[in-house]
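>>> compute the structure for the input listed below.
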Amino acid sequence: MPNAMREFDVQNYLTTPEEQAAYIEAALEEGDPSFIAAALGDIARARGVTAFAAESGLSREAIYKAFRPGGNPTLETLAKATKALGLRLAVVAA
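Numbers count the residues shown, from 1 in each chain. The predicted structure follows:
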């Protein structure tokens, strides 16, 4: 009897603000802008893109465009998204 496997979907593991913050922190530590953008997109989808759009003041289209692998969000878009997540952007010495 073969094992039934499900496709992994990170959205199933981003259910609390703490999990979402840890996910963003890990993405930032990775240092890849594309990965950071994709991680924010994962969180937006986990929260529901419509709800995230209302919370952030961004359009659904802007969220899908900016927060995907290869996306390149502006600083303004990042600021709105992180504020909606209850986070803030900060700079620390490496």
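
>>> give me the most central residue, the chain.
In the chain, the residue lying closest to the centroid (Cα atoms, centre = their mean) is Leu40, at 1.3 Å.

>>> verify the stated contact: that one with Arg68.
No: with contact defined as Cβ atoms under 8 Å, Leu40 does not reach Arg68; the gap is 9.5 Å. Just so you know, the C-beta spots here come from the backbone N, C-alpha and C atoms, and that holds for glycine as well.

>>> element containing Asp42, please.
Assigning secondary structure by DSSP states H and E places Asp42 in helix 33-47.

>>> helices of this structure, residue ranges please.
Taking DSSP state H as the criterion, the chain contains helices spanning 17-30, 33-47, 49-56, 60-66, 75-84.

>>> give me the neighbour count for Glu19.
A count of nearby residues for Glu19, using other Cβ atoms under 10 Å, gives 14.

>>> can you pull the contacts of it?
Shown here is Glu19, whose contacts under the criterion Cβ atoms under 8 Å, 6 or more residues apart in numbering are Tyr13.
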